[in-house]
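Chemist: Quick one: sequence and predicted model below, then my questions.
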Amino acid sequence: MLTLTRRFAFSASHRLVSQALDAAGNEGAFGPCQRVHGHNYRLEVSVSGRPEEATGFFCNVLELDRIVRERVVAPCDHRMLNELPLFAGRVPTMETVCQAFWDELRPALAASGMRLTGVLVAETDEHWVRIDER
């Protein structure tokens, strides 16, 4: 089994605040991230499969690129994540952003014959969240 990973970038802002917490709870959980701030996000999407004999490919990388850009990059780029339907009812932490992207991409990629096996979301070069399914 081979894995192909494609990297994307987008810029977005967000505010980390939970309706389930009071002011003190939000301060303790999120500190200065309660204020609107932004990141230059790195997104990596991995698909896995076995190459076809005729083409040597197991996925069409142009189709992968199109799906990821249409489904998650374009809707999020230069936007306030808290305001997007993709994050309705969620605090847009790296963890929930990664899970939302996984949930959005998995069926769309499967419909094009691709098996999603990884999503990585990085807010900075120092920390990131990854979902891997092997």
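Modeler: On my side now, so go ahead.

Chemist: buried sites along the biggest helix by length in the chain?
Modeler: What stands out as the longest helix in the chain, according to DSSP state H, is helix 94-111. Residues 94, 96-102, 104-106, 108-109 are the ones in helix 94-111 that count as buried (16 or more other CB atoms under 10 Å). Every C-beta, even on glycine, is put in place using the N, C-alpha and C of the backbone.

Chemist: hmm, who's touching that helix?
Modeler: 41, 43, 45, 47, 64, 67-68, 71-72, 81, 86-87, 90, 115-116, 119-123, 127-131 (CB atoms under 8 Å, 6 or more residues apart in numbering).

Chemist: In three-state terms, how would the residue of the chain positioned farthest from its centre be classified?
Modeler: Distance from the C-alpha centroid of the chain, by CA atoms, centre = their mean, peaks at A54 (32.1 Å). Three-state call for A54 (DSSP: H, G, I helix; E, B strand; the rest coil): coil.

Chemist: From V45, how far out is it?
Modeler: Using CB to CB, to the nearest Å, A54 is found at 25 Å from V45.
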